[in-house]
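In: here's a sequence, model it:
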Amino acid sequence: MKLGVFSISLAVKDLKASKAFYETLGFYVFAGQIERQYLIMKNDKTLLGLFQGMFENNILTFNPGWDENAQTLENFEDIRTIQQHLKSHGLKLHSEVSASTSGPGSLTVIDPDGNVILIDQHV
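Out: Here you go, the predicted structure:
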């Protein structure tokens with residue numbers, strides 16, 4: 001199963017302080033807006049989302065259909081296919097995408113340790 005590009009979405013307390021910290025580690029702003037309380041930072045092929053006030057805990061994020069430059073992949077597994085696979089293997093989803101739709105959609109599942117995994121398709 002291809003989940004797409006991986007990033008971690010961090011719930012930060014001070015977006016400007018986090019931005020400065022990760023810039024020191026070699027990350028640069030790839031997308032997002034400070035005014036909208038989020039930034040996507042990049043270092044080589046590593047993506048890191050910084051989100052202030054949007055959610056409580058850190059989230060593991062996968063984006064089917066995207067590469068690490070947010071470019072659409074020619075071939076990818078649609079989120080509805082991924083969702084069906086997860087459900088057929090007995091995983092209980094925290095949120096689902098409607099199977100009757102196409103295009104963008106998202107789902108969440110929580111791992112055995114309480115970590116939230118977001119699968120978020122933008123195409």
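In: and the residue minimising distance to the centre of the chain, what does it touch?
Out: Against the mean C-alpha coordinate of the chain, by CA atoms, centre = their mean, the closest residue is T61 at 2.8 Å. Residues near T61 by CB atoms under 8 Å, 6 or more residues apart in numbering: F6, S7, I8, S9, G49, I117, L118, I119, D120. C-beta here means a position set from N, CA and C on the backbone, and glycine is covered the same way.
In: let's see that with 10 Å instead.
Out: 3-9, 47-49, 106, 108, 116-120 (CB atoms under 10 Å, 6 or more residues apart in numbering).
In: just the buried subset of those residues, written out for PyMOL, thanks.
Out: Under the burial definition 16 or more other CB atoms under 10 Å, those of the contacts of T61 that qualify are selected in PyMOL by:
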select buried, resi 3+4+5+7+9+47+48+49+106+116+117+118+119+120
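In: wasn't the residue nearest to the centre of the chain part of a strand?
Out: Yes - under DSSP: H, G, I helix; E, B strand; the rest coil, T61 falls within a strand.
In: for it, give the beta-bridge partners.
Out: Legend: beta-bridge partners of T61 under DSSP bridges are S7, L118.
In: equivalent analysis for S106, please.
Out: Taking DSSP bridges as the rule, S106 bridges to D120.
In: tell me the pLDDT at the residue nearest to the centre of the chain?
Out: pLDDT recorded at T61 is 97.
In: all strands for this protein, in order.
Out: 5-12, 28-33, 38-43, 46-52, 59-63, 93-95, 105-110, 116-121 (DSSP state E).
In: which one of the ones you listed lies nearest to F76?
Out: strand 116-121 (8.3 Å; CB to CB).
In: quick one on the thing from earlier: E77: which of the strands of the chain is closest?
Out: Minimum separation from E77 across these (CB to CB) falls at strand 116-121, 9.3 Å.
In: between strand 105-110 and the closest one, find me the angle.
Out: Here strand 116-121 runs at an angle of 160 degrees relative to strand 105-110 (axes from the mean of the first three to the mean of the last three CA atoms, to 10 degrees).
In: helices or strands next to strand 116-121 in the packing?
Out: Judged by 3 or more CB pairs under 10 Å, 6 or more residues apart in numbering; DSSP states H and E, strand 116-121 is in contact with strand 5-12, strand 59-63, helix 79-88, strand 93-95, strand 105-110.
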